[in-house]
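Chemist: Sequence and predicted model, in that order:
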Amino acid sequence: MTKRRPHTLQEISTQPTAWADALADVKGKAEAIQALFTQHGFQEVIFIGCGSTYYLALAAAQAFQAVTGIRARGLPASEPLLFPKTSYGPLETLLVAVSRSGETTETVRAVRAFCAERSAPVVVITCYPRSTLAREASKSGVMLAARQGQEESVAQTRSFASMLVAAQGFAGLVKDSVPYVKSLEGLPLVGNWLLQEKAGLARQLGENMGLERFFFLGSGPNYGVACETMLKMKEMSLSYSEAYHFLEFRHGPKSMVNESTLVVGLISEGAREQEIAVLREMQALGATILALADSEFGLEDFAQVVAFKSGTSDWARGVLYLPVLQLMACYRAMAKGLDPDRPTHLDAVVRL
Ligand code: F1P
């Protein structure tokens, strides 16, 4: 019996269109977004989510602070829910909740508690504009919908990427930065190129059963995406995988590096030299290296390189690291005879 093509492959392969759709929705909300910041002198923005969307919150906070200069943090939704006193400060705070489903219990409860306690507006980024969280945002805040991010699979791929672009577009509109928003508009073209030209490399690494340990290294703007791609490897292929800030990897975890290790470097431009040095050291310890960067300069030592050549900033290109790494996890699941659409023990939404 031929195995059906997993929804996950289709969802990964069509994601650039979903990125463009999400950005268009955000741009359509420009007036409401700018009015929100005019009415409130927000001194801090806290992004929250769970699982993949917690990692998205980390990436979104980095981009938001870099683009707007307003202090921003990413937290798992359970933290402000369980420890509000040490999650929120005295500053005028905007809460941004990120949730593919818009139904995750921790996130809904955290939003309701925040709005009740501070009678403040909330921004929601979701793929489901009729969800519970979307309704919370419609009471006094703004809802950003990544409709084409909706997916059959439990593991987030197209949804994560399109909501990340939405969060970056949100930052660009708060700052009213035309160049930054324009750089986001160029991402889908590069995304389609990656899906055409680098799918073979992703498949070759995914089907390499000689690889048993996976480490995803990312710093600053790329740590959240490193965590997300680590999670894809776990959810889809049940593989041992971890994520670290680049230089943190030297402080202990590198003891795990052996001949069956893949170290994936999500290289920034801002800390390129220091990050490449870590990859060189891990290659000398026997690891296979996959280096992803915007430019291929200085990556000659590595056999597996993906260079986006997008010309975008460290704070705009986050989604470009996703397609190859999502495909690698998906192909590894298929090579192990697993269904990437249905990760073990997982449901699409965690309802408590
Ligand atoms: C959050 C989440 C996902 C995870 C799994 C269970 O969902 O934890 O990140 O991959 O699907 O739910 P959501 O709040 O983003 O809908």
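Modeler: Structure received. Just so it is clear, the model here is predicted, and its values are computed rather than measured.

Chemist: Which pLDDT value belongs to the residue in the stretch 1-150 of the chain positioned nearest to the ligand?
Modeler: Residue nearest to the ligand within the stretch 1-150 of the chain: G51 (2.6 Å; Cβ to the nearest ligand atom). C-betas here are computed from N, CA, C, even on glycine. On pLDDT, G51 comes in at 97.

Chemist: For the protein, just list every one of the strands.
Modeler: With DSSP state E as the definition, the chain shows strands at residue ranges 44-49, 71-76, 93-99, 122-126, 142-145, 213-218, 240-244, 261-266, 288-293, 304-307.

Chemist: how about JSON lines for those strands, with distance to T105 added?
Modeler: Shown next, in JSON lines, are the strands of the chain (distance: least, Cβ to Cβ, whole Å):
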{"stretch": "strand 44-49", "distance to T105": "13"}
{"stretch": "strand 71-76", "distance to T105": "13"}
{"stretch": "strand 93-99", "distance to T105": "10"}
{"stretch": "strand 122-126", "distance to T105": "15"}
{"stretch": "strand 142-145", "distance to T105": "19"}
{"stretch": "strand 213-218", "distance to T105": "28"}
{"stretch": "strand 240-244", "distance to T105": "25"}
{"stretch": "strand 261-266", "distance to T105": "31"}
{"stretch": "strand 288-293", "distance to T105": "34"}
{"stretch": "strand 304-307", "distance to T105": "37"}
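
Chemist: Kindly reformat the ones you listed as TSV and extend each row with distance to Y331 and mean neighbour count.
Modeler: Formatted as TSV, those follow (distance: least, Cβ to Cβ, whole Å; neighbours: other Cβ atoms under 10 Å):
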stretch	distance to Y331	mean neighbour count
strand 44-49	27	26
strand 71-76	29	21
strand 93-99	27	27
strand 122-126	29	28
strand 142-145	31	24
strand 213-218	13	25
strand 240-244	15	20
strand 261-266	13	26
strand 288-293	13	23
strand 304-307	14	18
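
Chemist: To L231, which of those strands lies closest?
Modeler: strand 240-244 (7.9 Å; Cβ to Cβ).

Chemist: The closest one to strand 213-218, inter-axis angle?
Modeler: With axes from the mean of the first three to the mean of the last three Cα atoms, to 10 degrees applied, the angle from strand 240-244 to strand 213-218 works out at 20 degrees.

Chemist: Give me the residues contacting strand 240-244.
Modeler: 212-218, 223, 226-227, 229-231, 233-234, 253 (Cβ atoms under 8 Å, 6 or more residues apart in numbering).
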